[in-house]
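Novice: Have a look; sequence and predicted model below, questions after that.
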Amino acid sequence: MEKRYTRLNDVIKNNNLHGIILTDGYNIHYLTGYKGHTGVVLILEDDRYLLTDSRYTEQAEIEAPEFKVIDIALDGYSKTIRRILNEKYCNNINNAEKLRCGFEDKSISYSQYKAFRDNLEEIVELVELNDQIDKLRMVKSKEEILLIAEAEAIGDKAFEHILNTMEVGMTEKEVALELEYAMKSLGADRLSFDTIVASGKNSSMPHAVPTDKVIEDGDFVTMDFGCIYKGYCSDMTRTVYMGDEMTEKQLEVYTVVLNAQKEALKCIKPGMICSDIDKIARDYIASAGYGEYFGHGLGHGVGLYIHEEPRFSRTCDVVLEPGMVLSVEPGIYLPGEFGVRIEDLIVVTEDGYENLASSPKVLILM
């Protein structure tokens, strides 16, 4: 945890701040250990405060022992922060020089920002931090990687279960329920996102919602699913075919997607730029004539939250470092026909990458 505080202190120094107000729940969890649903953190030069209400104060004291826990019941967050700052800096605050406090402008509602502004503006200059705190989570520790790997292993076992239970005649909702039940039975705390099961024409929608549609012979079925294990997420997508024979076009599209992923994976190593990895897969799909049917980014960081920095996208210039965990998920989606997506979760190593997913990617005929 001290390494995390050291990097946070670098943010404070680089922005010439007196302190930071944290409102993003994932960043609060990352920097304090507190997993409650409500809270604000105030970090000053020598003091750390975790503000919450009486529903969570006991939990906060247990999970964040290095923080002073304060119940905000009487004054609310912004007035409590003002009181703390007045008490700590009462001899230093004047109209000529305000305290500089960074805040997470990406995770705060307008009403909460307005409350901070209105109650703190006399003594505080609020400084936007954009994604500087989020980026502290980009490189995972060994302990974090082990938890993500365990979550992904649960997904692998759930996929094995679905291969033994899914059949023509089941609905998309029934398959999704089987996957979710399997993950929770295998030790998952909860889902890392809403499970996607899309069959036939529905599979052409990347984020389709499971419906009552019956899975039919000749359908591709795309399953995108993940779970949370001890706070950390997994993410995996597999596409299988229902039946014994498929069209040449279906086989071609599946093969292109799989090969595009393989080409990208071969180039993942420290020093590579995220956008270049995205381009490798994107160019391969375009060269096969399907470029306009791959619209989303190649992948995203995964950790405490299912979509983190960095990202394999056309606009991300982050340089890969050992310890970064990202999905690699090319897809082709033909409107009104079908879609194929294949997704693995990888961790960047000192000389390449390790694939945390072990489920087969060869075309499976059910």
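Specialist: Happy to help now that I have it. Model, not experiment: these values are computed from the prediction.

Novice: what's the single longest helix in this structure?
Specialist: Counting residues, the longest helix in the chain under DSSP state H turns out to be helix 142-165.

Novice: tell me what that helix is packed against?
Specialist: For helix 142-165, the contact count by 3 or more C-beta pairs under 8 Å, 6 or more residues apart in numbering; DSSP states H and E identifies helix 172-185, strand 220-225, strand 227-229, strand 232-233, strand 236-241, strand 325-328, strand 344-348 as packing neighbours. Backbone N, C-alpha and C define where each C-beta goes, glycine included.

Novice: what's the nearest residue to Ile154 if we skip its chain neighbours?
Specialist: Leu186 (4.7 Å; C-beta to C-beta, 6 or more residues apart in numbering).

Novice: so what's that neighbour up against?
Specialist: Residues in contact with Leu186, defined by C-beta atoms under 8 Å, 6 or more residues apart in numbering, are Ile154, Lys157, Ala158.

Novice: where does the chain dip in pLDDT?
Specialist: 90-96 (pLDDT under 70).

Novice: Domain ranges for it, per the record?
Specialist: According to automatic domain parsing, the chain comprises the domains 2-137, 142-355.

Novice: among the ones you listed, which is the most enclosed?
Specialist: For the domains of the chain, the largest average neighbour count (mean count of other C-beta atoms under 10 Å) is found in domain 142-355, namely a mean of 19.

Novice: how about the strands in the stretch 1-150 of the chain?
Specialist: In the stretch 1-150 of the chain, strands defined by DSSP state E, counting those that start in this stretch lie at 19-22, 40-44, 48-52, 68-71, 99-103, 124-128, listed in chain order.

Novice: can you tell which of those strands is closest to His296?
Specialist: strand 124-128 (27.7 Å; C-beta to C-beta).

Novice: between that closest one and strand 99-103, what angle do the directions make?
Specialist: With axes from the mean of the first three to the mean of the last three C-alpha atoms, to 10 degrees defining the directions, strand 124-128 sits at 30 degrees from strand 99-103.

Novice: Neighbouring strands - and their directions - for strand 124-128?
Specialist: Its sheet considered, strand 124-128 pairs with strand 99-103 (parallel) by DSSP bridges.

Novice: Now find how far off-centre the partner strand is within its chain.
Specialist: Remark: strand 99-103 is offset 27 Å from the chain centroid, using C-alpha atoms, centre = their mean, to the nearest Å.

Novice: could you dump the strands of the stretch 1-150 of the chain to CSV with distance to Ile228?
Specialist: Formatted as CSV, the strands of the stretch 1-150 of the chain follow (distance: least, C-beta to C-beta, whole Å):
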stretch, distance to Ile228
strand 19-22, 21
strand 40-44, 22
strand 48-52, 21
strand 68-71, 25
strand 99-103, 27
strand 124-128, 30
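
Novice: how far away is Asn27 from Gly301?
Specialist: 14 Å (C-beta to C-beta, to the nearest Å).

Novice: quick one: common contacting residues for those two?
Specialist: Joint contacts of Asn27 and Gly301 (C-beta under 8 Å, 6+ apart) are Arg137.

Novice: Let me know the secondary structure of Glu309.
Specialist: Of the three states, Glu309 takes strand under DSSP: H, G, I helix; E, B strand; the rest coil.

Novice: do the same with Arg314
Specialist: Going by three-state DSSP: Arg314 is coil.

Novice: which ones are touching Lys140?
Specialist: Lys140 neighbours (C-beta under 8 Å, 6+ apart): Ile148, Gly303, Gly323, Met324, Val325, Val347.

Novice: separation between Ala115 and Val127?
Specialist: Distance from Ala115 to Val127, by C-beta to C-beta: 17 Å.

Novice: again with Ala208
Specialist: To Val127, Ala208 is 41 Å away according to C-beta to C-beta.

Novice: same check, this time on Leu50
Specialist: The gap separating Leu50 from Val127 is 21 Å, by C-beta to C-beta.

Novice: same deal with Glu87?
Specialist: 22 Å.

Novice: go on, Thr38?
Specialist: Distance, Thr38 to Val127, by C-beta to C-beta: 24 Å.

Novice: cool, Ala176 as well?
Specialist: In terms of C-beta to C-beta, Ala176 sits 44 Å off from Val127.

Novice: circling back: with Val240 as the reference, name the closest of the strands of the stretch 1-150 of the chain.
Specialist: Across the strands of the stretch 1-150 of the chain, closest to Val240 is strand 19-22 (C-beta to C-beta), at 42.4 Å.
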